[in-house]
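Chemist: Give me the fold of what follows.
(chains A and B)
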Number of protein chains: 2
Amino acid sequence: MTPPVTAPALFDEIAFDAAGLVPVIAQQYDTNEILMVAWMNRDAVAETLATGRVCYWSRSRQALWRKGETSGQVQRLIELRLDCDGDTMLALVDQTGVACHTGRRSCFFRAARDGDWHVIAEVEKSPDELYGEH
Amino acid sequence: MTPPVTAPALFDEIAFDAAGLVPVIAQQYDTNEILMVAWMNRDAVAETLATGRVCYWSRSRQALWRKGETSGQVQRLIELRLDCDGDTMLALVDQTGVACHTGRRSCFFRAARDGDWHVIAEVEKSPDELYGEH
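Modeler: Model (predicted):
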């Protein structure tokens, strides 16, 4: 029998910080593009593994944040990975649409060039389209 | 004239935390493989941009950490990127050898499977070879 995905052994290896959180990098599984970084608590890890849809912890709202529940830009989990010291996770995902709240595919859309930051990615969906009245 | 890489405009956009640090994801520039996550302070960012060799801040040693100065596993900087809210950076690098202190290419070598973590990457260089007497 397959043990439940919320088995204690899995959580014991995660070094949650003092606030009970761990940072998670979301990476598109087939292109390896880095999409975003957010946080999970224990419940978010459990829900993500149980449902196969990525759920973070919103520090601003202090609530579970089911990625895409407002915008429709969901992340299907392909694989969850943990680093050597257990304090950072990597989620291989299949991202629907865009990951960034600005409407860009990736949150990492600024590059250091000549002493300043330059925007290197286009807005693919307007924030109105993502979060506005439909 | 090109402004210096330590121009204030560049630092003003980085949201360093209360300890003056920002997390940095290192990604192999051509394969997009995620190698590791570490921290930089202002001096580490400035040195990295000035020298083109990645320099972190070691929280355990409380000192600048020129990646590879002991192990030889250096990271050449290709491009430094910043995310939408400025609190995480992405360093596209060319990694010599392995990034992880365990001797694996990437620190993210454990995958969640059947309720536990499974090692999915081989040790490529022994820690003795990386850090031992030569």
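
Chemist: Next, the contact list for residue A:127, please.
Modeler: A:101, A:102, A:103 (Cβ atoms under 8 Å, 6 or more residues apart in numbering or on different chains). In short, each C-beta sits where N, CA and C put it, glycine included.

Chemist: so which of these also contact chain B?
Modeler: Checking the contacts of residue A:127 against chain B by Cβ under 8 Å from any Cβ of the partner chain, the ones in range are A:101, A:102.

Chemist: Quick one: buried ones out of the contacts of residue A:127?
Modeler: Listed as buried from the contacts of residue A:127 are A:102, A:103; burial here means 16 or more other Cβ atoms under 10 Å in any protein chain shown.

Chemist: and the residue positioned nearest the centre of chain A, what helix or strand is that in?
Modeler: Central residue of chain A (Cα atoms, centre = their mean): residue A:26, 4.5 Å from the mean position. Using DSSP states H and E, residue A:26 maps to strand A:22-28.

Chemist: That strand - contacts with which helices or strands?
Modeler: Strand A:22-28 sits against strand A:34-40, strand A:89-95, strand B:34-40, with contacts defined as 3 or more Cβ pairs under 8 Å, 6 or more residues apart in numbering or on different chains; DSSP states H and E.

Chemist: Need the contacts of residue A:127 in TSV (columns: pLDDT and secondary structure).
Modeler: Below are the contacts of residue A:127 laid out as TSV (pLDDT from 0 to 100; DSSP: H, G, I helix; E, B strand; the rest coil):
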residue	pLDDT	secondary structure
A:101	94	coil
A:102	95	coil
A:103	96	coil
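
Chemist: Could you measure from the residue of chain A most remote from its centre over to residue B:91?
Modeler: The C-alpha centroid of chain A is most remote from residue A:114, which lies 30.4 Å away (Cα atoms, centre = their mean). In this view, residue A:114 and residue B:91 are 18 Å apart by Cβ to Cβ, to the nearest Å.
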